[in-house]
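Asks: turn this into a structure:
(chains A and B)
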Amino acid sequence: LAKTTQPISMDSYEGQEVNITCSHNNIATNDYITWYQQFPSQGPRFIIQGYKTKVTNEVASLFIPADRKSSTLSLPRVSLSDTAVYYCLVGSTGTASKLTFGTGTRLQVTL
Amino acid sequence: KAGVTQTPRYLIKTRGQQVTLSCSPISGHRSVSWYQQTPGQGLQFLFEYFSETQRNKGNFPGRFSGRQFSNSRSEMNVSTLELGDSALYLCASSSQGPWNTEAFFGQGTRLTVV
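Replies: Numbering: from 1, shown residues only, chains lettered A, B, ... in the order given. Presented below is the predicted three-dimensional model:
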């Protein structure tokens, strides 16, 4: 069962790049890594997902080193609307597998 | 397309009672997963159903149960409610499962046990 650890909070100015790292030391071979964004009173919203190396979409990049024991979500040029809690999620299907959420990182973006 | 719908949005129950929460997934999605979110424990995985079968289960007591119908709609039941069951209960739907495909979350049901 992967245990995930994230920084509790981060602060950034608008326009900067933000990198949030998630540690998952005992990630299993079949586990995927997914990042979600959550605003108050809403359900989490999918940002990006990957298995290894680097994944990029229109809103973020996900960097996964070769040992897969950590992952970094990169948000380019954040805006005030990116103020939210970000969760990493590690897991895979199977009878012995579980989904493990990180503790969440509260990102505060200011002018 | 319509998103994930959870009903009711808010619920107040008394200790010892039972409660049933409902989740309607996105059309075509066969996987529905349930989560509990509390300030103290964060987001925790309850269970996942795929094509009417429970495929994965988290570390919650047997008081927490669920089912999925042939139209993929899912219900979650909590029996003998305890104060500690007060939480936001979220469901998510996905085509294959929340670990390797994008999962879409509902807005949740806020359960308060008094």
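Asks: and the residue of chain A found nearest chain B, what's its pLDDT?
Replies: Of all residues in chain A, residue A:43 sits closest to chain B, at 3.0 Å by C-beta to the nearest C-beta. Yep, even glycine has a C-beta here, placed from its N, CA and C like the rest. pLDDT for residue A:43: 94.
Asks: in a strand, it, correct?
Replies: No: Residue A:43 is assigned coil when assessed by DSSP: H, G, I helix; E, B strand; the rest coil, not a strand.
Asks: count the residues that sit near residue A:10.
Replies: Residue A:10 has 15 neighbours, counted by other C-beta atoms under 10 Å in any protein chain shown.
Asks: next secondary structure after the one helix or strand in chain B whose mean pLDDT sits lowest?
Replies: Ranking every helix and strand in chain B by mean pLDDT, DSSP states H and E puts strand B:53-57 at the bottom, with a mean of 90. Per DSSP states H and E, strand B:53-57 leads on to strand B:64-68 as the next helix or strand towards the C-terminus.
Asks: can you list the buried residues in that next one?
Replies: For strand B:64-68, the buried set under the neighbour-count rule, 16 or more other C-beta atoms under 10 Å in any protein chain shown, comprises B:64, B:65, B:66, B:68.
Asks: same check, this time on stretch A:7-23
Replies: Neighbour counts over stretch A:7-23 (16+ other C-beta under 10 Å) mark A:7, A:12, A:18, A:20, A:22, A:23 as buried.
Asks: same deal with stretch A:42-49?
Replies: Neighbour counts over stretch A:42-49 (16+ other C-beta under 10 Å) mark A:43, A:44, A:46, A:47, A:48, A:49 as buried.
Asks: tell me the residues of chain A that contact chain B?
Replies: Taking C-beta under 8 Å from any C-beta of the partner chain as the contact definition, chain A meets chain B at A:31-32, A:34, A:36, A:41-46, A:49, A:87, A:89, A:91-95, A:97-101, A:103-104.
Asks: anything in the host helix or strand of residue B:43 near chain A?
Replies: Using DSSP H and E, residue B:43 sits in strand B:42-50. Yes: residues of strand B:42-50 contacting chain A under C-beta under 8 Å from any C-beta: B:42, B:43, B:44, B:45, B:48.
Asks: buried subset of those?
Replies: Those of those that meet the buried threshold are B:43, B:44, B:45, B:48, by 16+ other C-beta under 10 Å.
Asks: what number of residues lie near the closest residue to the first one other than its chain neighbours?
Replies: Put plainly, it is residue B:43. Of all residues not flanking residue B:43 in the chain, residue A:101 sits nearest, at 4.1 Å (C-beta to C-beta, 6 or more residues apart in numbering or on different chains). Other residues near residue A:101 come to 23 when the count uses other C-beta under 10 Å.
Asks: which neighbouring elements make contact with the helix or strand of chain A with the lowest mean pLDDT?
Replies: Across the helices and strands of chain A, mean pLDDT, DSSP H and E gives its lowest value to strand A:100-101, namely a mean of 83. With contacts taken as 3 or more C-beta pairs under 8 Å, 6 or more residues apart in numbering or on different chains; DSSP states H and E, strand A:100-101 sits against strand A:84-91, strand B:42-50.
Asks: wait, residue A:55 touches residue A:72, no?
Replies: No: under the criterion of C-beta atoms under 8 Å, residue A:55 makes no contact with residue A:72, lying 11.2 Å away.
Asks: joint contacts of those two?
Replies: Overlap of the contact sets of residue A:55 and residue A:72 (by C-beta atoms under 8 Å, 6 or more residues apart in numbering or on different chains) consists of A:62, A:64.
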